[in-house]
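**Student:** I'll drop the sequence and a predicted model, then ask my questions.
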Amino acid sequence: MMPQLGATIATLVVAFGFAALANWQMRRPFERRWLPVVPWLGVQFLAVAVALIMIAHLVSLLTGQPFGRSYAP
């Protein structure tokens, strides 16, 4: 297994974990949240953004085709 693949999958799992934690905290009453000063919606947004980037990177690693513009010579 390529080292980049392992790091990408690990980052993807951590991002999904943070997104799930933030979602769970937002569903709890305000008084029962762990650290009520943390903006859990922002945490969830960033975690989902990181997860989408890691999914794109994972597809790029598995297919061998980089994402982005391809300029023809």
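**Tutor:** Happy to help now that I have it.

**Student:** residues in contact with the most centrally placed residue in the chain?
**Tutor:** Central residue of the chain (Cα atoms, centre = their mean): residue 51, 2.3 Å from the mean position. By Cβ atoms under 8 Å, 6 or more residues apart in numbering, residue 51 lies in contact with 12, 15-16, 19. For every residue, glycine as well, the C-beta is placed using N, CA and C.

**Student:** would you turn these into TSV with secondary structure, distance to residue 2 and neighbour count?
**Tutor:** As requested, the contacts of residue 51 are arranged in TSV below (DSSP: H, G, I helix; E, B strand; the rest coil; distance: Cβ to Cβ, whole Å; neighbours: other Cβ atoms under 10 Å):
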residue	secondary structure	distance to residue 2	neighbour count
12	helix	15	18
15	helix	19	20
16	helix	21	15
19	helix	25	19
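
**Student:** And those, which is closest to residue 58?
**Tutor:** Closest approach between the contacts of residue 51 and residue 58, by Cβ to Cβ: residue 12, at 6.8 Å.

**Student:** can you give me the strands for the chain?
**Tutor:** With DSSP state E as the definition, the chain shows no strands.

**Student:** how about residue 4, what does it touch?
**Tutor:** residue 61 are the contacts of residue 4 under Cβ under 8 Å, 6+ apart.

**Student:** No more questions from me, cheers.
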